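sharing a model that was predicted from the sequence below.
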Amino acid sequence: MQVLTALDATFIYLESEHSPMAIGAVYIIDAKDAPEGFSYKSWHQLVASRLRGSKVFRERLIEVPWAMSFPYWIRDPDFNLKSHLPRKTLAKPGGMDELMQLAAENWSEVLDRSRPLWEMVFVEGLDTIEGVSKGSFALITKVHHAAVDGKAGGEMMSCLMDLSPEIRQLKGKDNWQAEEIPSSWGVITEAWSGAARKALSLPGFVGKTVLSAARVYTDKRLSQLNPPPRILSAPKTIFNQQLSSAKTFWGRNFDFRRIKAIRKAVPGTTINDVVLAICAGGLRHYLLEKDQLPEKQLVAMAPISVRKDTPGDDSGNQVSAMLVGLETHISNPLKRLLNIHANTRRSKVHASAMPASELTDFVPSETLAAAARVYTRTRLGGRHRPFFNVTITNVPGPPVPFYLAGAKIDTVYGMAPILDGLGLLLVVLSYQDKISIGISSCEQIIPSPTRNSWQIA
């Protein structure tokens, strides 16, 4: 058994029917790039041969009675691959609207906790998507956020992918062995042991926190920079209200070469700065059309991966976060970009000053579970001033094409969960010469988004 971290467990406690806690993506595979005989069967065979590539595939959740400890992962004794690989045909006319609607419907459903928390839908019948051959395919993937963060989710998928149409064969034996489902007394006993180990590590964490706090006051970089936006300082917007259960999703592509050209034309800026400025321009445009643009700038939360390149370190959440002002009150795009660059610079410095991401590990599991469930079930999220306005997560992808069962992936759009009060999330993915932005929301906030009604500009 392996206990979840506090951060991972929080995604379990926050989950509800109107807020499934899964991350995922839509992968579009052009039929012209698929080998002869590519089908659901070949896809199923590939996944079956790669299960040992990530422990997430065959681990299921065990929850502890009365939340006396954070939940555990065990190797599922009842694992059945077929239940994780459903097959669907896209509704006519088989276009982008139908694909995005199918993805939104899939992501509106909570994953079954009695089995490993992931699913990959094989979709046939993509007939009218611009730039893609008739009869193309798609994958709609979904993995619980308690199991992976954005980077680990990409690593999980990468074990299914190849760098060429040739399907590689994994070396060595699959030594995976199932575990028995533990008794309630067994998990409670393990919980007590874990609490004792955590207590022993507390003095070291306190010392680390004291040193980090001292660094905040002595770091010359911090003294020279204005502080970033504070949590709960963001203005109220139409994105910060209670959710409806029906989710909406859309994806847009941008030419990565143009984004690189903008970065080079504005010295000192980064690709991330340019992407944030593009998102800020889209948010400003959308809110102006709705006559809902606040005078005060919108604030974005941008997750920062702290994952180390350690072999086998492919699960769980290892992230920090920073708050960034998006300068949406500025109409001039260049000035907006320059200001966002300054904002990200100081936000990164402040985000690295304290080990805040570790603090929740010392919150009692019962307290964390109760607080998360009360907050979710009473739906307080849409009733107070927003923690921030929008989440924008940037996941770098490969600059070269990737293949699944010999078929080249044409486009990828990412998705991540939303909550009451935080009803808009933008997932930015780079792949080959494209950058895609996946727009996750709900019918209450952004009803039926389409290429025309939702413009990132």
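Received the coordinates, thanks.

check which residues of the strand or helix carrying Ile340 are buried.
Take DSSP states H and E as the rule and Ile340 turns out to sit in helix 333-351. Neighbour counts over helix 333-351 (16 or more other Cβ atoms under 10 Å) mark 336-351 as buried. From N, CA and C alone the C-beta is placed, and that goes for glycine too.

likewise stretch 33-47?
Along stretch 33-47, the positions that meet the burial threshold by neighbour count (16+ other Cβ under 10 Å) are 33-34, 38, 40, 42-44, 46-47.

gap between the two ends of that stretch?
For stretch 33-47, the first and last residues are 19 Å from each other (Cα to Cα, to the nearest Å).

so what's the closest residue to Glu109 other than its chain neighbours up against?
Spatial nearest neighbour of Glu109, excluding adjacent residues (Cβ to Cβ, 6 or more residues apart in numbering): Pro20 at 6.5 Å. For Pro20, the contacting residues are 107-111, 417, by Cβ atoms under 8 Å, 6 or more residues apart in numbering.

give me the buried subset of those.
Buried members of these, counted by 16+ other Cβ under 10 Å: 107-108, 111, 417.

include secondary structure when you put those residues into JSON lines, please.
As requested, those are arranged in JSON lines below (DSSP: H, G, I helix; E, B strand; the rest coil):
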{"residue": "Trp107", "secondary structure": "helix"}
{"residue": "Ser108", "secondary structure": "coil"}
{"residue": "Leu111", "secondary structure": "coil"}
{"residue": "Pro417", "secondary structure": "coil"}
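
state the mean pLDDT of the helix or strand containing Val274.
In this structure, Val274 is located in helix 271-289 according to DSSP H and E. Across helix 271-289, the average pLDDT comes to 94.

still on that earlier bit, which of the contacts of Pro20 lies closest to Gln292?
Ranking these by separation from Gln292, with Cβ to Cβ as the measure, puts Pro417 on top at 23.5 Å.

what's the burial count for the residue lying closest to that closest one once chain neighbours are set aside?
Sequence neighbours aside, Met21 is the residue nearest to Pro417 in space, at 4.9 Å (criterion: Cβ to Cβ, 6+ apart). Neighbour count for Met21, taken as other Cβ atoms under 10 Å: 21.

with Glu289 instead?
For Glu289, the number of neighbouring residues by other Cβ under 10 Å comes to 11.

next one: the one 10 residues further on
A count of nearby residues for Val299, using other Cβ under 10 Å, gives 25.

ok, now how distant is the nearest residue to it once chain neighbours are set aside from Leu287?
If the residues on either side of it in the chain are set aside, Val299 comes closest to Ala234, at 3.9 Å by Cβ to Cβ, 6+ apart. Between Ala234 and Leu287 the computed distance is 13 Å (Cβ to Cβ, to the nearest Å).

again, but for Arg385
Note on Arg385: its distance to Leu287, by Cβ to Cβ, is 17 Å.

neighbour count winner among those two?
The residue with the greater number of neighbours, taking Arg385 and Leu287 and applying other Cβ under 10 Å, is Leu287; the counts read 17 against 12.

check contacts around that one.
For Leu287, the residues meeting the contact criterion (Cβ under 8 Å, 6+ apart) are 237-238, 293-294, 328.

same thing but 6 Å
In this structure, Leu287 makes contact with Leu293, judged by Cβ atoms under 6 Å, 6 or more residues apart in numbering.

use 73 as the first number from now on
Okay, residue one is now 73; in that scheme the one you just asked about reads as Leu359.

what's the neighbour count on His456?
Counted with other Cβ under 10 Å, the neighbours of His456 add up to 11.

with adjacent residues omitted, what lies nearest to it?
The spatial neighbour of His456 that comes closest, neighbours along the chain excluded (Cβ to Cβ, 6+ apart), is Gly493 at 7.2 Å.

so how far is Ala374 from that neighbour?
As judged by Cβ to Cβ, Gly493 and Ala374 stand 18 Å apart.

Val195 in helix, strand or coil?
The local conformation at Val195, judged by three-state DSSP, is strand.

tell me the contacts of it?
Going by Cβ under 6 Å, 6+ apart, Val195 touches 160, 162, 210.

so what's the gap between the helix or strand where the first one lies and the chain middle?
Element membership of Lys160 [criterion: DSSP H and E] is strand 159-161. Put simply, strand 159-161 sits 24 Å off its chain's centre (Cα atoms, centre = their mean, to the nearest Å).

each with direction, which strands does that strand pair with?
Strands adjacent to strand 159-161 in the sheet, as given by DSSP bridges, are strand 190-198 (parallel).

mind giving me the ChimeraX command for buried ones among the contacts of Val195?
Buried residues within the contacts of Val195, by 16+ other Cβ under 10 Å, are selected in ChimeraX with:
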select :162,210
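
mind putting the contacts of Val195 in CSV, pLDDT and distance to Leu348 included?
Converted to CSV, those look like this (pLDDT from 0 to 100; distance: Cβ to Cβ, whole Å):
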residue, pLDDT, distance to Leu348
Lys160, 97, 35
Leu162, 96, 33
Ala210, 98, 28
